[in-house]
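Peer 1: build me a structure from this.
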Amino acid sequence: MIVIVAGTALIALYANVQKVRRDKIEKVTIIPVTTVPSASPGPKD
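Peer 2: Numbering: from 1, shown residues only. Coordinates of the predicted model:
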């Protein structure tokens, strides 16, 4: 029982450390893309 509680505590500690480090690890950069309107093909006969 002690092993299970200790393992769960270690997993919770690891998860909290990762949550704190996430801001340093993950950076999101949004680059707007300009789209050129393409000519739609006319009806084919």
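
Peer 1: how about low-confidence regions in this structure?
Peer 2: Applying pLDDT under 70 to the chain flags residues 25, 36-45.

Peer 1: the helices in it, which residues?
Peer 2: In the chain, helices defined by DSSP state H lie at 2-25, listed in chain order.

Peer 1: quick one: contacts of stretch 29-38?
Peer 2: Stretch 29-38 is contacted by no other residue when judged by C-beta atoms under 8 Å, 6 or more residues apart in numbering. In this view, the C-beta of every residue, glycine as well, is placed from N, C-alpha and C.

Peer 1: all numbers from here: first residue = 56
Peer 2: Sure thing, new numbering starts at 56, so read that last one as stretch 84-93.

Peer 1: gap between that stretch and the chain center?
Peer 2: Taking C-alpha atoms, centre = their mean, to the nearest Å, the mean C-alpha location of stretch 84-93 is offset from the chain mean by 21 Å.

Peer 1: next: stretch 71-79.
Peer 2: On C-alpha atoms, centre = their mean, the centre of stretch 71-79 falls 13 Å from the chain's centre.

Peer 1: over to stretch 67-76?
Peer 2: Worked out by C-alpha atoms, centre = their mean, stretch 67-76 lies 16 Å from the chain centre.

Peer 1: do stretch 67-80 as well
Peer 2: 14 Å.

Peer 1: what's the answer for stretch 74-86, then?
Peer 2: With C-alpha atoms, centre = their mean, you get 8 Å for stretch 74-86.

Peer 1: who touches the most centrally placed residue in the chain in this structure?
Peer 2: The centre of the chain sits closest to Glu81, judged by C-alpha atoms, centre = their mean, with a distance of 7.5 Å. Applying C-beta under 8 Å, 6+ apart to Glu81 gives no contacts.
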